[in-house]
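In: sequence first, predicted model second:
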Amino acid sequence: MKDYSYHKKVIEDVTEKLRELDIDLYLIITAEGCDPMTSFIPGVDTVGSSAFMFAKDGRRLAIASSIDAQDVEESGLFDQVIRYDTYDDTLAETVISLQPKKIALDYSEDVPFCDGLTMGKYEKFVKFMGDYSFEICSADLFIPEVQRMNAR
């Protein structure tokens with residue numbers, strides 16, 4: 001079994017940065033490893049559509065397909081791993097249940113590593129969030145510093 005101690009430390013550092021910056025939620029939306037961030041945080045590979053959520057209050061949630069859920073659960077990095085029937089609905093319902101006002105996403109004009117969210121996935125996410133009101137910011141506000149703190 002893979003050792004996730006490095007990724008656990010990264011998650012702890014991300015959570016601390018979320019608190020410092022008053023960002024309620026860091027959300028990584030990915031499918032088939034399309035977001036390079038997943039090698040850094042959480043460090044768990046997935047094949048199907050997945051989402052990883054890190055809240056400033058320390059909660060860690062993942063949404064994964066039935067194919068990927070076991071690996072995500074076995075990582076021990078998440079408080080809850082949610083298996084979905086319909087990904088987009090489950091993602092929106094889960095995010096709304098956390099009541100974030102400010103969400104960090106992986107987009108960036110200046111930091112390629114923080115720019116893994118495709119426009120299509122972004123637009124679909126916003127559409128499924130419906131009337132829920134939230135502010136979006138870039139994960140480039142804290143990921144470069146967390147990378148420096150955890151340089152191997």
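Out: Good, I have the coordinates.
In: which strands and helices sit next to the helix or strand where Tyr6 lies?
Out: Per DSSP states H and E, Tyr6 falls inside helix 5-21. Helices and strands touching helix 5-21, by 3 or more Cβ pairs under 8 Å, 6 or more residues apart in numbering; DSSP states H and E, are strand 25-31, strand 49-55, helix 143-149. Using the backbone N, CA and C atoms, a C-beta is placed for each residue, glycine as well.
In: give the contact list for Asp45.
Out: Going by Cβ atoms under 8 Å, 6 or more residues apart in numbering, Asp45 touches 33, 38, 71.
In: most surrounded residue in those?
Out: For the contacts of Asp45, the largest number of neighbours (other Cβ atoms under 10 Å) sits with Thr38, at 19 neighbours.
In: thought that one was touching Phe52?
Out: Yes - the criterion here is Cβ atoms under 8 Å, and Thr38 meets it with Phe52 at 7.2 Å.
In: how close does the most centrally placed residue in the chain get to Asp131?
Out: Per Cα atoms, centre = their mean, the C-alpha nearest to the average position across the chain is that of Ile28, at 2.8 Å. In this view, Ile28 and Asp131 are 24 Å apart by Cβ to Cβ, to the nearest Å.
In: helices or strands up against the helix or strand harbouring Glu73?
Out: Here Glu73 sits within helix 69-74, counting by DSSP H and E. Helix 69-74 is packed against strand 80-83, with contacts defined by 3+ Cβ pairs under 8 Å, 6+ apart.
In: can you list the strands that the strand it packs on pairs with?
Out: Strand 80-83 has the following strand partners under DSSP bridges: strand 60-64 (parallel).
In: relative to helix 5-21, how tilted is the strand it pairs with?
Out: 120 degrees (axes from the mean of the first three to the mean of the last three Cα atoms, to 10 degrees).
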